[in-house]
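**Q** got a predicted model here, sequence first, then my questions.
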Amino acid sequence: MDIAFLSSTMITLLKAVPTTLILFSLSVAVGGLLALVIVWMRVSGNPLLAGFAKAYIFVFRGSPLLIQMFLIFYGLGQFAIIRYSFLWPFLREPLVCAVLSLALCTAGYSAEIFRSGIRAVPAKEIEAARAIGMSGFLLVRRIIAPIAFRHALPAYSTEIVLMMKSTALASLVTVWEVTGVAQRLIHQTYRTMEVFLCAALIYLVLNFIILQAMSLLERSLSKHRRAIAPAVKA
């Protein structure tokens, strides 16, 4: 085993980790906000809004992320209205296109996850809140959102891990994150196994950190359940 080569490869790949983290954090943040809008449309009761939300979810869940990324990166420039708009200086950047495609895709999956969390909110909780005069945004903030997020968190944590792994596709639109740098090293050294092993180790560590953070968040949101359990047992 060539320890010197593995060490130099790991150092080179670690320099690309900030780009991977930028891709991941921006796509999850933008995708999460967009998912909330899609969920609101989905449960609004308005047929037009609900129909648009259903179509959006169908398109972005039903088509491959790689094709979506290629359509955004290579396709948007085909339209003159885009090329001559104020958006073009941003949309011609590979990083922006990669973040946009990742965010749009995860929004479709996250919207369904959040909707399932909302459906899991017990009706009696909502009725009790309304009985004491709670309604509108206050009802959502104090009752529906916390319970729905707690139910959705396990599935959403899986989606977040998948998004970390999906950042590897950004290398195909010339964003030099961990996988892109690994491919460039392979072209230079022809040592596929060692380079991809180092890249896989980096993704494993990043996903382990994400899972631990999500586990801590889930535990913090379920403190009341752990506090009630001993009393029930007694």
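**A** Done, it's in.

**Q** pull the contacting residues for the residue nearest the centre of the chain.
**A** Nearest to the geometric centre of the chain sits residue 28, at 3.7 Å (CA atoms, centre = their mean). Each residue near residue 28 by CB atoms under 8 Å, 6 or more residues apart in numbering is listed here: 103, 106, 160, 163. C-betas here are computed from N, CA, C, even on glycine.

**Q** so where is the protein shaky, pLDDT-wise?
**A** 1, 223-234 (pLDDT under 70).

**Q** what's the longest helix in it?
**A** For the chain, the helix reaching the highest residue count under DSSP state H is reported as helix 192-221.

**Q** which of the residues in it are buried?
**A** Buried residues in helix 192-221, counted by 16 or more other CB atoms under 10 Å: 194-196, 198-199, 202-203, 206, 210, 214.

**Q** burial count for residue 70?
**A** Neighbour count for residue 70, taken as other CB atoms under 10 Å: 16.

**Q** so it touches residue 170, yeah?
**A** No: counting by CB atoms under 8 Å, residue 70 sits too far from residue 170 to count as a contact (11.7 Å).

**Q** and which of the buried residues of helix 192-221 is nearest to residue 119?
**A** residue 214 (21.3 Å; CB to CB).

**Q** ok, now which ones touch the closest one?
**A** By CB under 8 Å, 6+ apart, the neighbours of residue 214 are 153, 157, 160.

**Q** do the same with residue 30
**A** 99-100, 103, 107.

**Q** swap the cut-off to 7 Å and go again
**A** The contact partners of residue 30, by CB atoms under 7 Å, 6 or more residues apart in numbering, come to 99, 103.

**Q** which element is it on?
**A** helix 17-43 (DSSP states H and E).

**Q** what comes up buried for that helix?
**A** 17, 19-20, 22-24, 26-28, 30-32, 34-35, 38-39, 41-42.

**Q** cool, stretch 112-132 as well?
**A** Neighbour-count burial for stretch 112-132 [16+ other CB under 10 Å]: 112-115, 117-118, 121, 126, 129.

**Q** ok, so of these, who is nearest residue 180?
**A** residue 113 (28.8 Å).

**Q** give me the phi and psi for the closest one.
**A** In terms of degrees, to the nearest 10, the main-chain angles of residue 113 are phi -60, psi -50.

**Q** ok, it touching residue 156?
**A** Yes: at 5.1 Å, residue 113 counts as touching residue 156 under the criterion of CB atoms under 7 Å.

**Q** what's the neighbour count on the closest residue to residue 206 other than its chain neighbours?
**A** In space, residue 206 comes closest to residue 164 once its chain neighbours are excluded; the distance is 5.9 Å by CB to CB, 6 or more residues apart in numbering. Other residues lying near residue 164 total 19 when counted by other CB under 10 Å.

**Q** need the contact list for residue 164.
**A** 24, 203, 206-207, 210.

**Q** good, we can wrap up now.
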